[in-house]
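Visitor: Pasting the sequence and the predicted model now:
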Amino acid sequence: MLLRTGRKGPIARWTVRVSKPPVKPILRCTAGARNKLMEDAVNWSARTIESSFNDTAITETSFLEWQSASYHSCLAHRLPQVRDMTRSSLRIDEPLDEYLTALLPEEPAVLVRLREETSRLEAASMQIGWEQARCMTFLLRCLGARNTIEVGVFTGYSTLITALALPDTGRIVACDINREWTGIAQKYWREAGVENKIDLRIGPAADTLDGMLANGNAESFDFAFIDADKTGYDGYYERCLTLLRPGGLIAIDNALWDGSVANTDDNSEDTKAIRALNEKISRDPRVEAYLAPIGDGVHLAWKR
Ligand SMILES: C[S@@+](CC[C@H](N)C(=O)[O-])C[C@H]1O[C@@H](n2cnc3c(N)ncnc32)[C@H](O)[C@@H]1O
């Protein structure tokens, strides 16, 4: 069974053994899934399953029904019990997920190698997935993007996918505070032959963006991808909106924050920041907005 428990979509395949009732679900994670993050995810999943059944016996049938209903955690919060096809999205169950995955083109080898190296880091789940990367490529091509901003580089996957979608004359201002992670990024940018397109700026992104504004770069960018510290999101959104040309697009990652935005019991600083920005963008007259339930949720804001 594939369970979407990570902030960036599926992070592991789980085997769930449900014996004859009354039972407790037993989750085992695959060989590659042994770090702390995975352990937390397993515990979280087990707790979620248990609390969903509220001490009633779990049968194979009732478990599968539950699994189907909560399979896509982002959509599950929004789907009514009886779906009205005109008002809600289709539930993505495992066969449909596999169908969609099979239609994706093969992930280029350099990106696979970067993902492989990143997977050895404890923070690996911060990286965006291939499906989301394809969506970004599509948007960049539709925009005819040439100049872009990246807030939050990590090991450089989203920057690399952006660089590959830009023309030879394209430029990315890539902001991050971490030299170690961006060192890995630079290695793969070189390998892909796109390092000339990427202007890596190490330092707090707010300062870098303020510097660009002070240098008269307002309204000169086509696209911005925001994927850094969540409490800084509102500030990055405002600065990027000024730096964008009319008709440019901002994509804000983790807009659903693993479903936490819809959990009224979750009032962590990160969740509150994302929730507040989602609400602000959805009513912002300066943009046309759409929160796409892809990956961990991507809030798209097109500048009028
Ligand atoms: C979620 S990761 C980015 C993932 C990346 N977009 C990818 O697809 O691989 C967040 C990054 O934001 C960076 N970051 C955190 N706070 C920052 C700040 N104040 N200014 C710039 N970067 C920051 C972190 O160092 C980290 O590399």
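Guide: It's in.
Visitor: Would you map the helices across the stretch 101-250 of the chain?
Guide: 109-118, 130-143, 157-165, 179-191, 205-214, 233-243 (DSSP state H, counting those that start in this stretch).
Visitor: Run the contact check for the last one versus the ligand.
Guide: No. Applying Cβ under 6 Å from any ligand atom, one finds helix 233-243 separated from the ligand by no less than 8.5 Å. (C-beta placed from N, C-alpha, C; glycine too.)
Visitor: Next: the fifth one.
Guide: Yes. Shown here: helix 205-214 in contact with the ligand (Cβ under 6 Å from any ligand atom) through residue 205.
Visitor: in stretch 196-211, what's buried?
Guide: 197, 198, 200, 201, 205, 206, 208, 209 (16 or more other Cβ atoms under 10 Å).
Visitor: Check those and tell me the two furthest apart.
Guide: Greatest spacing in the buried residues of stretch 196-211, by Cβ to Cβ: 197 and 206 (23.5 Å).
Visitor: hmm, back to that, can you put the helices of the stretch 101-250 of the chain in a markdown table and add mean pLDDT?
Guide: Shown next, in a markdown table, are the helices of the stretch 101-250 of the chain (pLDDT from 0 to 100):
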| stretch | mean pLDDT |
| --- | --- |
| helix 109-118 | 98 |
| helix 130-143 | 98 |
| helix 157-165 | 98 |
| helix 179-191 | 98 |
| helix 205-214 | 98 |
| helix 233-243 | 99 |
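Visitor: how about the residues of this structure that lie near the ligand?
Guide: So the chain meets the ligand at 126-128, 152-155, 157-158, 175-178, 181, 204-205, 227-229, 232 (Cβ under 6 Å from any ligand atom).
Visitor: Now which of the residues you listed would you call buried?
Guide: 126-128, 152-155, 157-158, 175-177, 181, 205, 227-229, 232.
Visitor: So which of those are in strands?
Guide: Of these, the ones assigned to strands by DSSP state E are 175, 176.
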